[in-house]
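>>> Prediction below, plus the sequence it came from.
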Amino acid sequence: MPKIDYLRISLIDKCNFRCQYCMPEGAELNYLLQQELLTNQEIVSLVQNVFMPLGFTKLRLTGGEPLLRPGLVDLVEELAHFPAIEDIALTTNAFFLEKLAKPLYDAGLKRINISLDSLIPETFDRITGNRGKSRWQQTWRGILTAHEVGFDPLKLNVVVIPGLNDTEVLELAALSIERHWHIRFIEFMPIGNSQLFGDKAWIDSADIRAAIRQKWGLEESNIKGNGPADVFKIPNSKGTVGFISQMSECFCDRCNRVRLSADGWLRPCLLNETGQIDLKTALRNGVDPAELQNQIEKLLLLKPEINFKDRDSGTDGTYTRTMSQIGG
Ligand code: SAM
């Protein structure tokens, strides 16, 4: 069992994209009200007084779309300045990154993961649920700005969906050749849009690896990340290609993370709703941070039992929250 020292914090449940795999088409989610969101001060207080004393050293800010959160740059600045926090990263769709990349970098953010599921504007728009002007160009400019500002590593997340973007795997992998970019292929999970999952299912990482290997060859990479990705390199490329294979391979035994939702629920496993703790209510009721540490410590001991190990059996429709709501 690895040390659980990685907290993923969802800053907001809203998103300006409607990615098909994340939110069922046409479904209206019940968004949180402003007063239900953890404030910046509450997030900082939980990190400083509860999670840091428990040995957490890595943070990821996510959502929903974290760039929609007012006060994001100030929050990054406060969190990045804690010496105990060794790593602070952000996951975004990059649509608003052109303006925000530099302020975020200057505030102390050094790592960024960007979702980019297609290089073809029409496919991109179909996946992200766009009905008006294409949003591909602005997203691409956001990615280039993040690169120019100095984000390194810069990772691009691709959820591969049969019949939607699986024909682009080689073009996306090729982005790792000329630049120090890391492309991460993610197997589609049965959370968020179970109907699409039922229709399409996922593509095994092994198949994507085989296609890349056939085209260029593939070397094992000695780069080890925080996370569950198996990392490889196209020979002589500057970046890497990685595979997050949560469907074809269970990596629960390597799981070092817990998630905090935008409304303050601590969740020990992405695919299991058991054991969640309502930290926001506790905090607002003045519960002592030492007591919260106690509760969380107990939960972390139970995490191996809670971790969901039957991913390939698919969803039984009991997930009450999508990735955008939990914090992907
Ligand atoms: N809005 C940000 C973004 O687009 O990256 C952050 C939130 S998004 C929920 C975080 C990640 O979750 C994205 O990389 C997305 O691809 C992934 N994701 C969402 N639903 C998924 C699913 N059903 N299967 C696999 N990955 C999923």
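Yes, it's here.

>>> In the stretch 101-250 of the chain, what residue spans correspond to strands?
Under the criterion DSSP state E, counting those that start in this stretch, the stretch 101-250 of the chain contains strands at 111-115, 154-160, 181-187, 219-220, 230-233, 240-244.

>>> tell me what the shortest one is packed against?
Right, strand 219-220. For strand 219-220, the elements it packs on are strand 230-233, judged by 3 or more Cβ pairs under 8 Å, 6 or more residues apart in numbering; DSSP states H and E. From N, CA and C alone the C-beta is placed, and that goes for glycine too.

>>> Just the residues contacting the strand it packs on, thanks.
176, 182, 205, 209, 212, 218-221, 223-225, 239-243, 245 (Cβ atoms under 8 Å, 6 or more residues apart in numbering).

>>> Weed out the non-buried ones from those.
For the contacts of strand 230-233, a burial check counting by 16 or more other Cβ atoms under 10 Å picks out 176, 182, 205, 209, 212, 218, 221, 225, 239-243, 245.

>>> so can I have CSV of those showing distance to residue 302?
As requested, these are exported to CSV (distance: Cβ to Cβ, whole Å):
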residue, distance to residue 302
176, 38
182, 33
205, 29
209, 34
212, 39
218, 38
221, 34
225, 26
239, 38
240, 34
241, 35
242, 29
243, 29
245, 25
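
>>> quick check, nearest of those to residue 321?
residue 245 (22.9 Å; Cβ to Cβ).

>>> That closest one reaches residue 207, doesn't it?
No: in terms of Cβ atoms under 8 Å, residue 245 does not count as a neighbour of residue 207; the distance is 10.7 Å.

>>> For residue 99, see how far away the residue of the stretch 201-328 of the chain found nearest the ligand is.
Going by Cβ to the nearest ligand atom, the ligand is nearest to residue 328 of the stretch 201-328 of the chain, at 2.7 Å. According to Cβ to Cβ, to the nearest Å, residue 328 and residue 99 sit 23 Å apart.

>>> do residue 298 as well
Applying Cβ to Cβ to residue 298 and residue 99 gives a distance of 43 Å.

>>> pLDDT at residue 312, what is it?
In the predicted model, residue 312 carries a pLDDT score of 46.

>>> burial of the residue of the stretch 201-328 of the chain closest to the ligand, as a residue count?
26 (other Cβ atoms under 10 Å).

>>> looking at it, it is touching residue 21, isn't it?
No: counting by Cβ under 8 Å, residue 328 sits too far from residue 21 to count as a contact (10.2 Å).

>>> ok so, going back, can you pull the contacts of the residue of the stretch 201-328 of the chain closest to the ligand?
Per Cβ under 8 Å, 6+ apart, neighbours of residue 328: 22, 62, 63, 91.

>>> ditto for residue 306
268, 269, 272, 274, 275.

>>> swap the cut-off to 10 Å and go again
For residue 306, the contact set (Cβ atoms under 10 Å, 6 or more residues apart in numbering) comprises 252, 267, 268, 269, 271, 272, 273, 274, 275, 276, 299, 300.

>>> Give me the phi and psi for residue 62.
Backbone torsions of residue 62, given as degrees, to the nearest 10, read phi -150, psi -160.
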